[in-house]
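# Okay, predicted coordinates and the sequence, questions at the end:
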Amino acid sequence: MVSGKKRTRARSAWLLLCGFVLVGTATFASAAQAADKSQQAYWAGFAYTADQSAVEASTPRAAAVLKARGLAPLNQALWARLQAQRPASLELIDQPLAMLDGTTSATVLATALDRELVSIEPIGGQYKVLVEVALQALFFDFRERQVVASYPITLQRIDVMEFLPDEDDIDAIVADLLYGKAATGLPQVLADTLAKAKLPAASTRRLQVGEVSLSDAVRAKLPDAVDEQVLRATLAHELSKTLSSNTGIGLLPPATGQAIGGAMAARFADGKVYQLKIPEPDYVVKLRLDALKNGVINETPAMKTMLFGAFFQATVVEPFSGKVFFDQPLRKGATKVVPSTQWHVDQWSASYETTLAGLDAFAGAAAKRADSKAWLDEQKPGGKPLQQQTQALQELITSCR
């Protein structure tokens, strides 16, 4: 018969052994992650993808806020959030780039500013304010000065004000987006973006958003305040963003905006500028915005319901062979309820938002999102060719993971 003391000792020994096994397993897992240098990245902080004059032209409010508040507190806030919410697959290292001698391969992570958008819409004595700041989590090989992957980010704030906002009011919104601790602020959005990010292996196929074009009909509808070149760069960024967020893969930076001619710049707080090469993509996504339409579908004395439609052509090709995987006309509709007190309807903003919804629906189909089937069934002509090409697109996306 075994005594109570012996049973207690045996149980204690067993628990101690389990503890050693668990600790050893956790230690081994941590060591394995640390040893996987393919998933290590050196944190470089905030960067610009253009020279000073271009930054002030394309992102005037963000540039003013960053100059007034400084990059040091922003970098501290970003790193603190990344430490509190560490990426599942990436090991981030906080080490000055000056300590990298360039003799061995090292991947660098920067949060790079791309563009901004400010829209003010009068609504019955009030003002609807839309502010967007576009950035990217940019990974590049320090020795080769070559882009590895990009995860686009868009910060957005929509507000209704009783007065017409001036530059100070807009700057306050931009500052909150960049420095704020809320879920919509850059520190948290960056952490969320990198939560499941993985650096691609050398054999992984690369995807890039290429040419974005507008039809003559769309050009004719552009408001005077909308620059065509900026709009094309914006659409390329948003298409890259929704493809990345839906599929979980990092893309090459779009071949528009600051990344033209297979190269781009990264300028950091210490004044150093790195000229980065963008490798040739294995697959290219092209977008042509064909038409933006709208009309009233229902009206009462109190309000009217408007239907906005975006019509576009999405094409996915392999540049080397010229093989076309996807080439289909697509459409997306969205309704907007306008109260009778609203004396002005910003039709351009509604059309733009509908276009973005269409791009997200396309990316959802590429990622086999659950709601994509209903949207695909709405397409015309659609049918078997669309089904076959969608399947080919989904297989292509798998090869990029």
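Yep, that arrived. Numbers count the residues shown, from 1 in each chain.

# so who does Leu113 touch?
Leu113 makes contact with 46-49, 55, 59, 62, 66, 133-135, according to C-beta atoms under 8 Å, 6 or more residues apart in numbering. Backbone N, C-alpha and C define where each C-beta goes, glycine included.

# Walking through the stretch 51-200 of the chain, point out its helices one by one.
Ranges of helices within the stretch 51-200 of the chain are 52-58, 60-69, 71-84, 167-179, 186-194, based on DSSP state H, counting those that start in this stretch.

# Which of these sits closest to Arg369?
helix 186-194 (18.2 Å; C-beta to C-beta).

# Residues touching the closest one, excluding its own?
Applying C-beta under 8 Å, 6+ apart, the set of residues contacting helix 186-194 is 74, 77-78, 80-82, 84-85, 87, 90, 111, 133, 135, 137, 151, 153, 155, 177-183, 245.

# Please identify the buried residues of the next helix-or-strand element following it?
Toward the C-terminal end, the helix or strand that comes next after helix 186-194 (DSSP states H and E) is strand 207-214. Counting neighbours by 16 or more other C-beta atoms under 10 Å, one finds that the buried residues in strand 207-214 are 207-210, 212, 214.

# Buried ones in the helix or strand following strand 207-214, by neighbour count?
Using DSSP H and E, the next helix or strand after strand 207-214 towards the C-terminus is helix 216-220. For helix 216-220, burial by neighbour count (16+ other C-beta under 10 Å) applies to Val218.

# neighbouring contacts of helix 216-220?
By C-beta under 8 Å, 6+ apart, the list of residues contacting helix 216-220 from outside reads 228, 289-292.

# now that helix, how far from the centre of its chain.
With C-alpha atoms, centre = their mean, to the nearest Å as the basis, helix 216-220 stands 27 Å off its chain's centre.

# quick one: average pLDDT of it?
Averaged across helix 216-220, pLDDT comes to 96.

# For that helix, C-alpha coordinates in PDB please.
Provided in PDB are the C-alpha atoms of helix 216-220 (Å, rounded to 0.1, in the frame of the first residue of the first chain):
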ATOM      1  CA  ASP A 216     -12.900  60.000 -70.800                       C
ATOM      2  CA  ALA A 217     -16.300  59.800 -69.300                       C
ATOM      3  CA  VAL A 218     -14.900  59.600 -65.700                       C
ATOM      4  CA  ARG A 219     -12.400  62.400 -66.400                       C
ATOM      5  CA  ALA A 220     -15.300  64.700 -67.500                       C
END
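
# can you pull the buried residues of stretch 67-81?
Residues of stretch 67-81 classed as buried: 71, 74-75, 77-79, 81 (neighbour count, 16+ other C-beta under 10 Å).

# could you give the mean pLDDT of stretch 321-339?
95.

# And stretch 270-282, by the same measure?
The model assigns stretch 270-282 a mean pLDDT of 88.

# that older thread, same list (the contacts of helix 216-220) but as TSV, adding distance to Ser38, neighbour count and secondary structure.
Formatted as TSV, these follow (distance: C-beta to C-beta, whole Å; neighbours: other C-beta atoms under 10 Å; DSSP: H, G, I helix; E, B strand; the rest coil):
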residue	distance to Ser38	neighbour count	secondary structure
Glu228	41	12	helix
Leu289	38	23	strand
Asp290	42	17	strand
Ala291	45	14	strand
Leu292	44	24	strand
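
# Export those to TSV and append columns for pLDDT.
Listed next are the contacts of helix 216-220 as TSV, based on pLDDT from 0 to 100:
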residue	pLDDT
Glu228	90
Leu289	98
Asp290	97
Ala291	97
Leu292	97
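
# can you tell me how far the residue most central in space within the chain sits from Leu287?
Nearest to the geometric centre of the chain sits Pro152, at 2.5 Å (C-alpha atoms, centre = their mean). Distance, Pro152 to Leu287, by C-beta to C-beta, to the nearest Å: 15 Å.

# if we can go back for a sec, if I pick the residue nearest to the centre of the chain, what's in contact with it?
114, 134-136, 237-238, 240-241, 244, 251.

# Let me know the secondary structure of the closest residue in space to it that isn't next to it in sequence.
Computed as C-beta to C-beta, 6 or more residues apart in numbering, the closest residue to Pro152 that is not its neighbour in sequence is Lys241, at 3.6 Å. Assigned by DSSP: H, G, I helix; E, B strand; the rest coil, the conformation of Lys241 is helix.

# Lys241 contacts Thr154, correct?
Yes. At 5.8 Å, Lys241 counts as touching Thr154 under the criterion of C-beta atoms under 8 Å.

# Select only the buried ones of the contacts of Leu113 in ChimeraX?
Selecting only the buried entries of the contacts of Leu113 in ChimeraX, with 16+ other C-beta under 10 Å as the criterion:
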select :46,47,48,49,55,59,62,66,133,134,135
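
# Could you find the closest non-adjacent residue to Ser213?
Nearest in space to Ser213, with sequence neighbours left out and distances taken as C-beta to C-beta, 6+ apart, is Arg288 at 4.8 Å.

# Share the number of residues neighbouring the one you found, please.
16 (other C-beta atoms under 10 Å).

# ok, Ser150 touching Ala255?
No. Ser150 lies out of contact with Ala255 (C-beta under 8 Å); the separation is 11.8 Å.

# Look at the two and report which has more neighbours.
Ser150 (26 against 19).

# Thr111 versus that one, what's the distance?
From Ser150 over to Thr111 (counting by C-beta to C-beta), the distance is 11 Å.

# Are there residues contacting both of those two? Which ones?
136-138.

# Including pLDDT and distance to Leu386, could the residues you listed go into JSON lines?
Output for the shared contacts of Ser150 and Thr111, formatted as JSON lines (pLDDT from 0 to 100; distance: C-beta to C-beta, whole Å):
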{"residue": "Gln136", "pLDDT": "95", "distance to Leu386": "31"}
{"residue": "Ala137", "pLDDT": "96", "distance to Leu386": "33"}
{"residue": "Leu138", "pLDDT": "95", "distance to Leu386": "34"}
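
# quick one: which of those has the most company?
Neighbour counts for those (other C-beta under 10 Å) peak at Gln136, which has 29 neighbours.

# Who are the contact partners of that one?
49, 111-112, 114, 150-153, 237, 253.

# How about Leu207?
When contacts are counted by C-beta under 8 Å, 6+ apart, Leu207 is found next to 243, 249, 251-252, 281-285, 396-397, 400.
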